[in-house]
Structure formats: structure tokens, C-alpha cells
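J.: sharing a model that was predicted from the sequence below.
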Amino acid sequence: MTFEEIRTILSGYTVGIAGAGGLGSNCAASLARVGVGKLIFADFDIVEESNLNRQYFFYDQIGMKKVEALSDNLLRINPSICLVPIDEKLTAESIAFNFGECDVIVEAFDEAEMKQMIIEAVGLYFPDKLLVSAMGLGGIGNMNEMKVNKFGNLWVCGDMNMEVGEGNPPIAPRVCVAANMQADAVVEYLIELKIRKLKDESVGLYKD
């Protein structure tokens, strides 16, 4: 399959991203590059200088709303992408409201309680949707331990061990690896989804 074929397939899909920090901003940038048609992303925070060690923002964007700054950056990558920035702190109910049209949802939160919240919300409101999460991306090294763990409709990227904490900060190398693992997982799933749909359609035509 060529890149143009991949891009054509991805242009018909919508991806939701919960969070626009280290995971969400870098994942969004990769999905914009490969041609995902529509991104819906939510965050309530502003860009701070301390974010620049791992998040897809720039020095002159300090003080901007993250969703506004990220929108600007994504449109510089792919001017044809459809963006829906949501400037709010997500809850289970707002996830159900904002991400209903998404084909895949990406969990890109920092806090463990928020990760748990979205896992439970997606399981409740969208049990058939894929949720791509990330766990175990703190510190440095051990890149060979990072992988995609698949648990039904929950795919978890990272080593599921080196969580962010004191002495184990989130910095660009491992955070960006995890974010791009999430993006790759989304692309893998959407391509497989399209192939299955085409096969189902061909079987239906043959039966008729």
C-alpha cells in the first residue's frame, strides 16, 4: 500500500484526542502528517515554558490556549485537515458529547485519575470504539520495553511500568515515542477497519 493510498483511506476518518499535552500534541501532529481527515481534541490549559521539553509547541506560543496553539501548528502541517478544538476540561459526560462521531479515541492525559475516567467513560458510552491509551513513559532509557498492549478495545502504549513521578519526569524522547506509538496504533486500526469494510462489501455484492 502506498502512502497516497494510506492518506486517502485516513482522510475519511475522525479521531478524538483527550488532552493536548505531551502525548496529545505530538500524536495529533503525526496524525495530521499522515492525512487523518478530522481531529477533535480537547484541553483547558495554556502553554507554559516548562511544556516545551516535550510538547508540540513553540516559545512564541507561551501563554496561548493549548488548543489554539495546537490548531495553528497542525494547520501549518496540513492545511486541509478539519480541526475541532475544544477548550474545556473533559468529564465523562463531555467525552460522550464531544467524541461520539470519532472512529477512534486517544487518551492523552497526565493524571492517573483522568486516565481511569476516560477508560470507564468510553467503556460505558462507546463500548465498540477503540481507545488508545498510554502508560509507562516517564524518565529515560528502556525504549525496547515500550510496546502496544492490546486488551480488546483498549490498546495501551508504553512499558506500563515507568510511570511519571519524582525522579522520573516526562521528557521528549520517551513521551514522543509513546505519542507516536499511539498515532501508529490509530493508523493501523483505521487501515484494518477500512480493509474489513471493503471485504464485507465485496462479500455482500457476491451474495447478491
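T.: Looks like it came in fine. This one's a predicted model, so the numbers in the text were calculated from it and none came from an experiment.

J.: which residues of the chain score low on pLDDT?
T.: Scanning the chain for pLDDT under 70 picks out 139, 162, 165, 203-208.

J.: so which residues of it form helices?
T.: For the chain, the helices defined by DSSP state H cover 3-10, 22-34, 66-77, 92-98, 112-125, 172-207.

J.: report the contact partners of the residue sitting nearest the centre point of the chain.
T.: The structure's the chain has its C-alpha centroid closest to Val106; by Cα atoms, centre = their mean the separation is 3.7 Å. Each residue near Val106 by Cβ atoms under 8 Å, 6 or more residues apart in numbering is listed here: 15-18, 23-24, 27, 131-133, 182, 186. Heads up, the C-betas are built off the backbone N, CA and C, glycines and all.

J.: out of the helices of the chain, which is closest to Asn144?
T.: Proximity to Asn144 (Cβ to Cβ) singles out helix 172-207 among the helices of the chain, at 10.8 Å.

J.: could you give the angle of the closest one to helix 3-10?
T.: 80 degrees (axes from the mean of the first three to the mean of the last three Cα atoms, to 10 degrees).

J.: just checking, what packs against helix 172-207?
T.: Where contact means 3 or more Cβ pairs under 8 Å, 6 or more residues apart in numbering; DSSP states H and E, helix 172-207 is packed against helix 3-10, helix 22-34, strand 104-107, strand 130-134, strand 147-151, strand 154-158.

J.: now with 10 Å?
T.: Packed against helix 172-207, as judged by 3 or more Cβ pairs under 10 Å, 6 or more residues apart in numbering; DSSP states H and E, are the following elements: helix 3-10, strand 14-18, helix 22-34, strand 104-107, strand 130-134, strand 147-151, strand 154-158.
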